[in-house]
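>>> Mind folding the following:
(one chain, ligands or ions: 1)
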Amino acid sequence: MARLSYGALASREGSQPLLPAGAVKPGIVHLGLGAFARAHTAVFTERAMAASGDPDWGIIGFTQRSDTVARQLAPQDGLFTVTERGRSAAPLRVVSSISEALSGRDNPGTVGERIASETTKVVTLTITEKGYRIDPRTGGLNTADEDVQSDLAGRPPLTAIGQITRGLQRRSRADAGPITVVSCDNLPSNGEFTRKLVHSFAAELPSAESGPLISWLEANVTFPNTMVDRMVPATTAGDLDTVERELGLRDEAAVVAEPFRQWVIEDNFASGRPRWEDAGAIFSTDVAAWEAAKLRLLNASHSMLAYLGLASGKTTISDAVGEDAFLAACSRMMTEDVIPSITLPAGLDGEAYCAQVLGRFANAALGHTTAKVGSDGSQKIGLRLLSTVRGNLDAGREPRWAALAVAAWMRHVATTPASRLDDPLAAELHAILPSTRTAATVIPALLGCPSIFDADLADHTGFAELLTHWYRIIDNHGLDGLRNEIHHG
Ligand code: CS2
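Coordinates of the predicted model:
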């Protein structure tokens, strides 16, 4: 079967990409070309270019740890398809905003070169929580991380923060003008946070370099906060075959997504930007509130369903939310634990938002797996769940439902062999777990992991009691016990 490309599409009947071959000029460097970036950022940018008639925002995309997506996109002229699944799904579409796809690992020098290019005005990133190399103890850059240290020592950088900072340094030396760095990951105040990490990296450089670089960053680089939202499962071999049948061409970089997509962005750009509002993005001055709501309502419930689902043999998020008790637990976590501890952005109706989120989780056509959402728990639970636990404990309330989600995560860690635990801290977590694994042994051991729990939470007896209560129910009584306790406890 012929491969998807402009040439292959042109020789056939049927719809053509929104942007014709050769029309797009690069203006954005993107780090992290995973499925989410292709189904979200690339789609918004393509539609913005097409709707506004301004094609100068083509994406030069770099993969991070693996070169797979770069190898898939290169022979396809950067083209790939998005298949929407669920009610009101749009027909299959070819997306045409990626003008170049490269492996960042294999071309670390090129990342900096492209960031330093005068035509680049924006750097976007979707590198997931673990890509930021956060020191959980300080919440800043993990300068003890070996890769961060090697990047600081001057090798062609491999960490995203190293690549961005070195690229900006090169840009300052080339006098290529102001630029904007846009984090599109699920982190609170992701723009401010990325700014802090980039500035920390710059500050760690020898003083002859750091002084001039920091002054240049302050005058030339902005870091708007954003909130991104679209559920994008991992593409399966079966999905690729379905796309091939429908398209009549082979697309190795195809992605599958729910119909819903949302992007809320702070309008703080140093050197212009695509008209993403023409593609449905919302520009707001209240992005931190949007991000907190999304992270602590949607992502927190997603994680809760993933770990409850994994504990009871449910493979997908839609199966997990189809279990009445789990739906009730999610709903009660949102209304009883989360809503009272956050300030919703102006204009957002909390009740309607929660109902919409639960409806999206129920999308059975999406096939979003509990294993995928449950991956990298050590990087996610602090931001999604412990923030809510802390907020409630500080206000003298019991975070009953958020504690259930944390207990389910603990049990997942304790019952999954280290080699199968999909988490960058798998080895560290398993090293502190005792060989006999019960609530009484696992909970204190994991609470003692300073990379995840700060001393206040680790020593809070009320929190430990809640965790023990839920852990025992899952461990001793399984799904029936959970049903009983959630409905009648
Ligand atoms: C999910 C998110 O895998 C996960 O951790 O919770 O990727 C989620 O699907 C997106 O943030 C939705 O916008």
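>>> where does the stretch 151-300 of the chain come near the ligand, residue by residue?
Counting by Cβ under 6 Å from any ligand atom, the positions of the stretch 151-300 of the chain adjacent to the ligand are N186, D229, R230, M231, N299. Where you see a C-beta, it was placed from the backbone N, CA and C, and this is true even at glycine.
>>> Report whether the last one is found in a strand, as I expect.
Think N299. No. Counting by DSSP: H, G, I helix; E, B strand; the rest coil, N299 is not part of a strand but helix.
>>> Wait, it touches K380, no?
Yes. Contact between N299 and K380 holds when scored by Cβ atoms under 8 Å: they sit 7.2 Å apart.
>>> Compare those two and say which one has the larger neighbour count.
Ranked by neighbour count (other Cβ atoms under 10 Å), N299 and K380 place K380 first, with 25 against 18.
>>> contacts for the helix-or-strand element of the chain with minimal mean pLDDT?
One helix or strand of the chain scores below all others by mean pLDDT, DSSP states H and E: strand 134-135, with a mean of 90. Here strand 134-135 makes contact (Cβ atoms under 8 Å, 6 or more residues apart in numbering) with G140, L141, N142, T143, A144, D145, L197.
>>> need the contact list for the fifth one.
Under the criterion of Cβ under 8 Å, 6+ apart, the contact partners of A144 comprise D135.
>>> got the phi/psi numbers for it?
Per-residue torsions, A144: phi -90, psi -10 (degrees, to the nearest 10).
>>> Give me the pLDDT value at it.
Per-residue confidence at A144 stands at 93 (pLDDT).
>>> now D422: how far from the ligand?
11 Å (Cβ to the nearest ligand atom, to the nearest Å).
>>> doesn't A371 make contact with that residue?
Yes. D422 lies in contact with A371 (Cβ under 8 Å); the separation is 7.1 Å.
>>> follow-up on the earlier one: separate out the buried members of the contacts of strand 134-135.
Buried subset of the contacts of strand 134-135 (neighbour count, 16 or more other Cβ atoms under 10 Å): L141, N142, D145, L197.
>>> so what's the first one bridging to?
Yep, that's L141 we're talking about. Beta-bridge pairing of L141 under DSSP bridges involves I134.
>>> Can you give me the pLDDT of it?
Listed pLDDT for L141 reads 96.
>>> Kindly confirm my reading that A101 forms part of a strand.
Yes. Under three-state DSSP, A101 falls within a strand.
>>> before we move on, the earlier item: want to throw the residues of the stretch 151-300 of the chain next to the ligand into TSV with secondary structure and pLDDT?
As requested, those are exported to TSV (DSSP: H, G, I helix; E, B strand; the rest coil; pLDDT from 0 to 100):
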residue	secondary structure	pLDDT
N186	coil	96
D229	strand	98
R230	coil	98
M231	coil	98
N299	helix	98
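>>> Relative to S451, which of those residues is nearest.
N186 (18.4 Å; Cβ to Cβ).
>>> From the rest of the structure, what touches the strand or helix carrying A431?
For A431, the enclosing helix or strand under DSSP states H and E is helix 426-432. Identification of contacts with helix 426-432 by Cβ under 8 Å, 6+ apart yields S378, V413, A418, S419, L421, D423, A445, L446, G448, C449, S451.
>>> again, only this time at 10 Å
Residues outside helix 426-432 that contact it (Cβ atoms under 10 Å, 6 or more residues apart in numbering): 376-378, 410, 413-414, 416-421, 423, 425, 442, 444-446, 448-449, 451-452.
>>> Could you tell me which of the residues you listed count as buried?
Neighbour counting over the contacts of helix 426-432 (16+ other Cβ under 10 Å) leaves 376-378, 410, 413-414, 416, 421, 423, 425, 442, 445-446, 449, 451-452 as the buried ones.
>>> Please identify which of those residues is nearest to the ligand.
Proximity of the buried ones among the contacts of helix 426-432 to the ligand (Cβ to the nearest ligand atom) peaks at D376, which lies at 7.3 Å.
>>> so how many other residues sit close to T436?
The burial count assigned to T436 is 8, neighbours taken as other Cβ under 10 Å.
>>> For the ligand, see how far away it is.
T436 is 31 Å from the ligand, where distance means Cβ to the nearest ligand atom.
>>> and if you look at G140?
For G140, the distance to the ligand - Cβ to the nearest ligand atom - is 23 Å.
>>> Could you tell me the backbone phi and psi angles at the nearest residue to that residue once chain neighbours are set aside?
Counting by Cβ to Cβ, 6 or more residues apart in numbering, G140 lies nearest to S200, which is 5.5 Å off, once chain neighbours are set aside. For S200, the backbone dihedrals (degrees, to the nearest 10) come out as phi -70, psi -40.
>>> ok, back up a step: what comes up buried for the helix holding A431?
Neighbour-count burial for helix 426-432 flags A426, L429, H430 (criterion: 16+ other Cβ under 10 Å).
>>> And stretch 272-288, by the same measure?
For stretch 272-288, by 16+ other Cβ under 10 Å, it's 273-279, 281-282, 284, 286-288.
>>> any idea how this protein splits into domains?
6-283, 287-488 (automatic domain parsing).
>>> which residues touch the residue in the stretch 1-150 of the chain that the ligand sits nearest to?
Proximity to the ligand, evaluated over the stretch 1-150 of the chain using Cβ to the nearest ligand atom, is greatest for F36 at 6.6 Å. For F36, the contacting residues are A42, T126, T128, C184, D185, N186, V228, R230, M231, V232, V255, A257, by Cβ under 10 Å, 6+ apart.
>>> how about a cut-off of 6 Å?
Applying Cβ atoms under 6 Å, 6 or more residues apart in numbering to F36 gives the contacts T126, V232.
>>> what about it, distance to S189?
Distance, F36 to S189, by Cβ to Cβ, to the nearest Å: 19 Å.
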